[in-house]
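>>> Here is my input, please return the structure:
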Amino acid sequence: MSGRGRLALSVNELETGEYHYVLLEAVTEPGELLCYRPKEIDEKGHPTALQAWFAGVGAVRRLEASRGQP
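Numbering: from 1, shown residues only. Down below sits the predicted model:
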């Protein structure tokens, strides 16, 4: 089973009041469970987790557009 193309989005508060998204891509290793590795980390801090999440959704949409997916 390949994890390629499976994405997850995480939002983390790296410093108090500064939220960043992390776009994760699924990877699988023989004999391993499905795991994720960072694909893109938000450089810009956002004042709320919701704003960081929306920025992450935008990153997912840009990635899908570059792959030619609807």
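>>> tell me the centre residue of the chain?
Leu23 (1.2 Å; C-alpha atoms, centre = their mean).
>>> where's that residue, which helix or strand?
strand 18-27 (DSSP states H and E).
>>> Show the subsequent helix or strand relative to that strand.
strand 35-41.
>>> got the angle for that following strand vs strand 18-27?
Orientation of strand 35-41 against strand 18-27 (axes from the mean of the first three to the mean of the last three C-alpha atoms, to 10 degrees) gives an angle of 130 degrees.
>>> quick one: buried residues of the helix or strand just after strand 35-41?
Per DSSP H and E, the first helix or strand lying C-terminal to strand 35-41 is helix 49-67. Judged by neighbour count (16 or more other C-beta atoms under 10 Å), helix 49-67 contains these buried residues: Ala52, Trp53, Ala55, Gly56, Ala59, Val60, Leu63. (Each C-beta comes from the backbone N, C-alpha and C, glycine too.)
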